[in-house]
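> Structure of the sequence below:
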Amino acid sequence: MNSSPNDSARPENDHRDDPPRGDYESSELFAGREEITIKHNGQTYRLRQTKTGKLILNK
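So this is what the prediction gives:
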């Protein structure tokens, strides 16, 4: 394992080097839009927010 001189100064709960978990707030993904597209295995899916705040995923 590589360590840098600053590693000892970092608190144990510092997770800057951890890979992203994949948890996102829908507000981050939609950023004010009602619909986004997601590409998966060569297919395009549409993820849409309804007026009541529910999510619908269509191929």
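
> ok, and the closest non-adjacent residue to Glu34?
Once flanking residues are discounted, Glu34 sits nearest to Gln49: 5.4 Å by CB to CB, 6 or more residues apart in numbering. Heads up, the C-betas are built off the backbone N, CA and C, glycines and all.

> make that Ile36, sorry
Using CB to CB, 6+ apart, the closest residue to Ile36 is Leu47 (5.3 Å).

> what's the average pLDDT for the helix or strand harbouring the one you found?
Secondary structure from DSSP states H and E places Leu47 in strand 43-49. For strand 43-49, the mean per-residue pLDDT is 97.

> Can you point out the buried residues in it?
Leu47, Gln49 (16 or more other CB atoms under 10 Å).

> For it, output the C-alpha coordinates as PDB.
In PDB, the C-alpha atoms belonging to strand 43-49 read as follows (Å, rounded to 0.1, in the frame of the first residue of the first chain):
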ATOM      1  CA  GLN A  43     -29.900   0.900 -24.600                       C
ATOM      2  CA  THR A  44     -31.300   4.300 -23.700                       C
ATOM      3  CA  TYR A  45     -33.800   4.500 -20.800                       C
ATOM      4  CA  ARG A  46     -35.800   7.600 -19.800                       C
ATOM      5  CA  LEU A  47     -36.200   8.400 -16.100                       C
ATOM      6  CA  ARG A  48     -39.000  10.800 -15.500                       C
ATOM      7  CA  GLN A  49     -40.400  12.600 -12.400                       C
END
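
> any idea which helix or strand comes after that strand?
strand 55-58.

> Residues contacting that next one, please?
Strand 55-58 has contacts (CB atoms under 8 Å, 6 or more residues apart in numbering) with Ser26, Tyr45, Arg46, Leu47, Arg48, Gln49, Thr50.

> For whichever helix or strand Lys39 is part of, what is the distance to the chain centroid?
Under the criterion of DSSP H and E, Lys39 resides in strand 35-40. Mean-position distance between strand 35-40 and its chain equals 13 Å (CA atoms, centre = their mean, to the nearest Å).
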